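> how does the following fold in three dimensions:
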Amino acid sequence: MSVVSVKVQHVLLLLAAVGCSQREDVAGASSSTSSASNPPALEAPLAPLGEVPSPGPSLPEAPRAHPPFVMPYPRANWRLANPDALGHVVQWFSQILIRHEGVRNEVPFNLAYWFSAPPRSTRSREDALALAREIAARAAQDPKQFADLARRYSEDITNRDDGGAMGGVVASSLVLWPQILDALAALQPGDVSEVVETRYGFHVLLRSAPPAEVALGGSHIVIAHDQAQWIELEARGPVPRRTRDEALALATDLYRKARAAPQRFAELAKKSSDQRDAVVGGDFGQWSTREGTSYPARMRRLLELRVGEVGAPVETHLGFEIVQRTPPRPRSQYRAQTIELGFDSGAEPGTDLSRDVVQAKAEAIASVLATAPDRFDELARNTSWVRQWEEGRGLPALTSALEALKPGEITKGLIPGGLSFLIARRLPLEPVAAVRFETELPRVEHPDLEAHFDNMDPRDVSSLLSEAIRDARAGARLPLGKVDALTFLVQQLSPDQTPEEQVGAVRTLLTEARAVLGEGDYAAFSADLQRRITTNLFSAEPDSKEERGL
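Residues are numbered from 1 along each chain as shown. Prediction:
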């Protein structure tokens, strides 16, 4: 069974909680990984991809007084924020990654089945930490050296040739590595961090100032490879089997052709791109430079370019992307309700979730709607969503299908949607409030009870509430009648609730608790709950390396 199809729903949820350094020629573009094991520290640092490693500059020797462990940054107040708020915060930073033999051989901070990495490291943890501390010391002395140090020493091959630049990363995509957010919260733009440890190795971070806020349009050509499996969800058709090196060679060749004739970019995209927006010449819409996306590297490259200019290949979880900046223009808006039936690309033909069986079910629904469009709501039950999007941002085939329809009309036939088939009804547009993306992590004094309870395990919610009630009873801080009423409400919570049921149950509990206690006692009780949550977030030790991002 396909790795992507097995876990796609889980990863999409995480990503939702989840949305450029200069290079003049392809000579500076990424190329294939050296086949040698990691070079010794200092004598032979990693060279740019495709080049033979050469001796690097000597770095100051690490002071022997350093302990053999990394002291994390203090826990920052972003931890108290409503988790949804982190989805509207974008942090710009660069990193230098030093790996060792005990780390995961994966792309850092990635949830999209993307495994582009150099050969597994043979460096000891102690040697890696010493090298990381030496690099951090030099970068802190002169932050202007950071990009050069990243190109020479970083072992994140997806961005080291860009000086380690990560672009604008949405804070919610980093919550699994809270030590990174704690470090960024302590830095001002231009500051270099101490060494930070994660499951990927040792990181040195440079926080960057956000770019000026302007609108950017863009198109791209995506060249897939076998280590970037997420393309399965966005492919225009069967994904070609290529190694990373083969994909990079092809992307480099296409970049040269596109740069020589930028007016032919859309033509090249339609012919060569593996992404589904190839049908519209690779157009991926219009974006603000301050906006959070799932493709920060793509947007970083776009920001480097002048209108009409083509950038060297940049690596994302889809593969290698060649990006062209296009002029801003008015964009049409679309809104639709869809019936969507998903299939498992790895399922055996003829089984319930196989492509052929799901396609037959979808075709049967489309056939019914062709003669009885008034049954759309009935057939859409439990399989539909309503969305509004701007041209270039939605599913290209769906956008094209809606262009000729009036509100209320239904698409004819099936629309392919990655690992699903769709049937859509166009809807009238609704006003959409502009989303404002912040550039600083939240500095929150008190946690939002509802938001934190919504994201806690039901058993932990019950335990926290029960402890607060017991203390209120023992301290006679509430009348016994109110304490008993609260106890009864908490007993209605079930550890077997779905996340949706839990959200509803907890919000009902808080509403009823307010009614039972009255405003004065409820304010005191909720303040006690906030203190308990704050204590747990700032003092509780994680139970495992996994929880610590190691």
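
> other SSEs contacting whichever strand or helix holds Arg531?
In this assignment (DSSP states H and E), Arg531 forms part of helix 499-539. Counting contacts by 3 or more CB pairs under 8 Å, 6 or more residues apart in numbering; DSSP states H and E, helix 499-539 packs against helix 449-454, helix 458-474, helix 480-491. The C-beta positions use only the backbone N, C-alpha and C, and glycine is treated the same way.

> okay, the ones you listed, which one's buried deepest?
Mean neighbour count (mean count of other CB atoms under 10 Å) peaks for helix 449-454 among the helices and strands packed on helix 499-539, with a mean of 19.

> what ranges do the strands span in this structure?
All strands of the chain, identified by DSSP state E, fall at 90-98, 165-170, 196-198, 201-207, 215-223, 283-288, 314-316, 319-326, 333-342, 384-390, 415-416, 420-426.

> can you list contacts of the third one?
Yep, that's strand 196-198 we're talking about. 70, 72-73, 108, 177, 179-180, 183, 202-205, 549-550 (CB atoms under 8 Å, 6 or more residues apart in numbering).

> related to what we said a few turns ago, what about the helix holding Arg531, distance to the chain center?
30 Å (CA atoms, centre = their mean, to the nearest Å).

> now it: mean pLDDT?
Taken as a whole, helix 499-539 has a mean pLDDT of 87.

> try stretch 293-306
95.

> other residues contacting that stretch?
With contacts defined as CB under 8 Å, 6+ apart, stretch 293-306 is touched by 15, 18-23, 112, 158-159, 162, 165-170, 173, 211, 216, 218, 220, 284, 287, 289, 291, 311-312, 314-316, 321, 323-325.

> put the buried members of the residues you listed into a PyMOL selection.
PyMOL command restricting those to the buried ones, with burial defined by 16 or more other CB atoms under 10 Å:
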select buried, resi 15+18+19+20+21+23+112+158+159+162+165+166+167+168+169+170+173+211+216+218+220+284+287+289+291+311+312+314+315+316+321+323+324+325
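
> residue ranges of each domain in the chain, please.
As assigned by automatic domain parsing, the chain contains the domains 31-207, 215-326, 333-426, 449-539.

> contacting residues around Ala81?
441-442, 444, 447-448.

> returning to what we had before: reformat the strands of the chain as CSV; add mean pLDDT.
Listed next are these as CSV, based on pLDDT from 0 to 100:
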stretch, mean pLDDT
strand 90-98, 98
strand 165-170, 96
strand 196-198, 96
strand 201-207, 98
strand 215-223, 97
strand 283-288, 96
strand 314-316, 97
strand 319-326, 98
strand 333-342, 96
strand 384-390, 94
strand 415-416, 94
strand 420-426, 97
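
> could you export the ones you listed as CSV, including distance to Pro396?
Shown next, in CSV, are the strands of the chain (distance: least, CB to CB, whole Å):
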stretch, distance to Pro396
strand 90-98, 26
strand 165-170, 23
strand 196-198, 36
strand 201-207, 36
strand 215-223, 12
strand 283-288, 8
strand 314-316, 18
strand 319-326, 15
strand 333-342, 11
strand 384-390, 11
strand 415-416, 10
strand 420-426, 12
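
> Ser273 is nearest to which of those?
Proximity to Ser273, assessed across these by CB to CB, is greatest for strand 215-223 (4.5 Å).

> tell me the strands beside the closest one, with direction?
Next to strand 215-223 in the sheet, as set by DSSP bridges, lie strand 283-288 (antiparallel), strand 319-326 (antiparallel).

> all helices of this structure, in order?
Remark: helices assigned in the chain by DSSP state H are 3-16, 125-141, 146-153, 178-186, 244-260, 265-272, 296-304, 355-371, 376-380, 396-403, 449-454, 458-474, 480-491, 499-539.

> what's the closest of those to Phe421?
Within the helices of the chain, the stretch nearest Phe421 is helix 355-371; the backing value is 3.9 Å (CB to CB).

> next, the angle from that closest one to strand 420-426.
Between the axes of helix 355-371 and strand 420-426, defined by axes from the mean of the first three to the mean of the last three CA atoms, to 10 degrees, the angle is 20 degrees.

> the chain should start at 58 in everything you say after this.
Understood, numbering begins at 58; the last thing we discussed is helix 412-428.

> Ala197 is in contact with Val249, isn't it?
Yes - Ala197 sits in contact with Val249 when judged by CB atoms under 8 Å, with a separation of 4.5 Å.

> neighbour count: these two, which is higher?
Neighbour totals were compared for Ala197 and Val249, and Val249 leads with 23 against 16 (other CB atoms under 10 Å).

> distance check, the more buried one against Leu574.
Per CB to CB, to the nearest Å, Val249 is found 50 Å from Leu574.

> cool, and Glu420?
Per CB to CB, Glu420 is found 57 Å from Leu574.

> settle it for me: which of these two has more neighbours?
Leu574 (21 against 15).

> okay but that one is in contact with Gly538, surely?
No - under the criterion of CB under 8 Å, Leu574 makes no contact with Gly538, lying 10.5 Å away.

> Ile168: neighbour count?
Careful, residue 168 is Leu and not Ile. Per other CB under 10 Å, the neighbour tally for Leu168 reads 20.

> so where is the stretch 108-257 of the chain shaky, pLDDT-wise?
Along the stretch 108-257 of the chain, segments meeting pLDDT under 70 span 108-125.

> hmm, back to that, tell me which of the strands of the chain sits nearest to Ala193.
Ranking those by their distance to Ala193 (criterion: CB to CB) puts strand 258-264 first, at 4.5 Å.

> ok, and what's touching that closest one?
Strand 258-264 is contacted from outside by 127, 148-157, 160, 165, 178, 185-186, 189, 192-193, 196, 200, 203, 212, 221, 237, 240-241, 244-250, 252-254, using CB under 8 Å, 6+ apart.

> Glu291 is nearest to which of the strands of the chain?
For the strands of the chain, the distance to Glu291 is smallest for strand 272-280, at 8.0 Å, taking CB to CB.

> next, the angle from the closest one to helix 301-317.
Strand 272-280 runs at 130 degrees relative to helix 301-317, counting by the same axes, to 10 degrees.

> hey, C-alpha coordinates of strand 272-280 in CSV?
Extracted in CSV, the C-alpha atoms of strand 272-280 (Å, rounded to 0.1, in the frame of the first residue of the first chain):
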residue,chain,number,x,y,z
ALA,A,272,2.1,40.9,-4.3
LEU,A,273,3.9,38.2,-6.2
GLY,A,274,2.5,36.1,-9.1
GLY,A,275,4.3,32.9,-10.2
SER,A,276,4.4,29.9,-12.4
HIS,A,277,6.5,26.8,-12.0
ILE,A,278,7.7,23.6,-13.6
VAL,A,279,7.8,20.6,-11.1
ILE,A,280,10.1,17.7,-11.8
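
> residues touching Glu558, list them.
Glu558 sits next to Ser551 when contact means CB under 8 Å, 6+ apart.

> against Ala533, how distant is it?
Taking CB to CB, one finds Glu558 at 34 Å from Ala533.

> is Leu375 in contact with Arg293, as I believe?
No - counting by CB under 8 Å, Leu375 does not reach Arg293; the two are 11.6 Å apart.

> any shared contact partners between those two?
331-332.

> tell me which of these two has more neighbours.
When Leu375 is set against Arg293 and neighbours are counted by other CB under 10 Å, the residue ahead is Leu375, at 26 against 19.

> what's near enough to touch the more buried one?
If you count contacts by CB under 8 Å, 6+ apart, Leu375 has them with 279, 281, 285, 287-288, 291, 331-332.

> apply 7 Å and report the result again.
279, 281, 285, 287-288, 291, 332 (CB atoms under 7 Å, 6 or more residues apart in numbering).

> repeat that for Ala242.
Residues near Ala242 by CB under 7 Å, 6+ apart: 133, 135, 498.

> dump those residues to CSV, plus distance to Glu303 and neighbour count.
Shown next, in CSV, are those (distance: CB to CB, whole Å; neighbours: other CB atoms under 10 Å):
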residue, distance to Glu303, neighbour count
Ala133, 43, 20
Trp135, 41, 21
Leu498, 40, 21
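
> closest to Leu305 out of these?
Of all the contacts of Ala242, Leu305 sits closest to Leu498, with 34.9 Å by CB to CB.

> report pLDDT for the closest one.
As predicted, Leu498 sits at a pLDDT of 96.
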